[in-house]
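> pasting the structure only:
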DNA sequence: ACCCTATCGCGAATTCTCTTGCATTAAGCC
DNA sequence: GGCTTAATGCAAGAGAATTCGCGATAGGGT
């Protein structure tokens, strides 16, 4: 009863319906410009029965979240070449590109909503965040930027890009703004290196 | 027909129901830890009839947005004393305090959702944003920080605070993080001043 | 190949969300 | 005070959204 459907027999039929549903969700997200699709629409678009959708996913939110996680996992890992500016810029441009893509804002909003709704979904999003933080740590390590933490990168790069997308004013991936954000990171790094003399406190929680 | 109820006779009864509804919404936000209240709950909690709620506000989102705007209008204007660090820090602390308060995340999420839903709500949020930008401009003008724009403040201060709150990991208003964020702003300002009036002797270590 | 049962399709039942006329109250204006 | 009508309360009801029981299908282990 409390068993999650699809986790015990992930084989042929189950994965097939899952794929059909995911395809339908992506299609609907594009068609409706990122609006949350209804269960009924997904059912007709995918050919999967309505009751099955409710049994496996409960809500449209978890449905979209499921698709979003798939997308995020498919993405290439962040490159850590040792060139801080280059790595961060590549990451920022890719991020800006993604959030501006059709369905991007919907994914973001869904993740946001999930982070504060069900317990399970919150755990999932936390896992996503941690994976992102690990990638940042690799970039910083490769560049020897020990004065910066992954959270700094979140504050200086990820947060602005996300917030603008959420406010319906995404920044252009091919514009000057990604470079400006990366320059901000470098400026902060530089400032911290300058004040190398007295280390008053370690700002971490 | 297309008339917005409550705008033509804003007097005694109308304002009374409005106050009752607002109080109920705040109460429910606290009780449910920031979750979006249902129309039915607001109706019973406020004593205002369900049909009235639907007629005046249409959705729970616009309801919460209405309350949020009230709150934002009640806040004191941002002080522009000329001391950049002090002004920004005061603002950041106040902001962090607010988003961590009960209902704060719900307000944020609602504003986010509103920015991408109805036309009218999007206009309202845009107005809110612009008012905020004006405040930032005043702070920057008073401090003579012509190298920074209000958007920089959004990217460096507002975005991180908001995003953390949305990710259910609000930063503590009394912790070291507000100071770190403000320090980031000052670092960026410093870097831009250096690049515009290049000092010949840059002691590199 | 066989068995066990997880998963699915189907349709009906149930529970919500939201709307709509109509009567009632009271705001604003003279 | 009296008139007009905006705003509300009330109750019925249309329309979705969500759940449930049952039988059918097919996965995974033996």
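Sure, I can see it. The shown structure was predicted, so the numbers you read here are calculated from the model rather than taken from an experiment.
> By mean pLDDT, which helix or strand of chain A comes out lowest?
Using mean pLDDT, DSSP states H and E, the weakest-scoring helix or strand in chain A turns out to be helix A:104-115, at a mean of 78.
> The helix or strand following that one to helix A:104-115, inter-axis angle?
The helix or strand immediately downstream of helix A:104-115 is helix A:119-143, counting by DSSP states H and E. Here helix A:119-143 runs at an angle of 120 degrees relative to helix A:104-115 (axes from the mean of the first three to the mean of the last three Cα atoms, to 10 degrees).
> residue nearest the centroid of chain A?
Residue closest to the average C-alpha location in chain A (Cα atoms, centre = their mean): residue A:72, at 6.3 Å.
> so what are the domain limits for chain A?
A:12-58, A:77-194 (automatic domain parsing).
> Kindly reformat the ones you listed as JSON lines containing mean neighbour count and distance to residue B:138.
Every residue, glycine included, has its C-beta placed from N, CA and C. JSON lines is the format used below for the domains of chain A (neighbours: other Cβ atoms under 10 Å in any protein chain shown; distance: least, Cβ to Cβ, whole Å):
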{"stretch": "domain A:12-58", "mean neighbour count": "16", "distance to residue B:138": "35"}
{"stretch": "domain A:77-194", "mean neighbour count": "19", "distance to residue B:138": "21"}
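> was I right about the residue nearest to the centre of chain A contacting residue A:128?
Yes. Judged on Cβ atoms under 8 Å, residue A:72 makes contact with residue A:128 at a distance of 6.3 Å.
> Out of the domains of chain A, flag the one nearest DNA strand C.
domain A:12-58 (3.5 Å; Cβ to the nearest atom of the strand).
> if you average pLDDT over the closest one, what comes out?
Predicted confidence along domain A:12-58 averages 93 (mean pLDDT).
> just stretch A:186-195 next, same as before
The pLDDT scores in stretch A:186-195 average 95.
> Does it reach chain B?
Yes. Stretch A:186-195 is in contact with chain B by Cβ under 8 Å from any Cβ of the partner chain, via A:186, A:187, A:188, A:190, A:191, A:192, A:193.
> on that earlier part again, the least confident helix or strand of chain A and DNA strand D in contact?
No. Residues of helix A:104-115 contacting DNA strand D under Cβ under 7 Å from any atom of the strand: none, with a closest distance of 13.6 Å.
> Tell me which other helices or strands that helix touches.
Counting contacts by 3 or more Cβ pairs under 8 Å, 6 or more residues apart in numbering or on different chains; DSSP states H and E, helix A:104-115 packs against helix A:60-74, helix A:84-100, helix A:119-143, helix A:159-166, helix B:104-115.
> change it to 10 Å
helix A:12-31, helix A:60-74, helix A:84-100, helix A:119-143, helix A:159-166, helix B:104-115, helix B:159-166 (3 or more Cβ pairs under 10 Å, 6 or more residues apart in numbering or on different chains; DSSP states H and E).
> Pipe the ones you listed into JSON lines and attach distance to residue B:77 per row.
JSON lines is the format used below for the helices and strands packed on helix A:104-115 (distance: least, Cβ to Cβ, whole Å):
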{"stretch": "helix A:12-31", "distance to residue B:77": "40"}
{"stretch": "helix A:60-74", "distance to residue B:77": "37"}
{"stretch": "helix A:84-100", "distance to residue B:77": "32"}
{"stretch": "helix A:119-143", "distance to residue B:77": "35"}
{"stretch": "helix A:159-166", "distance to residue B:77": "23"}
{"stretch": "helix B:104-115", "distance to residue B:77": "19"}
{"stretch": "helix B:159-166", "distance to residue B:77": "19"}
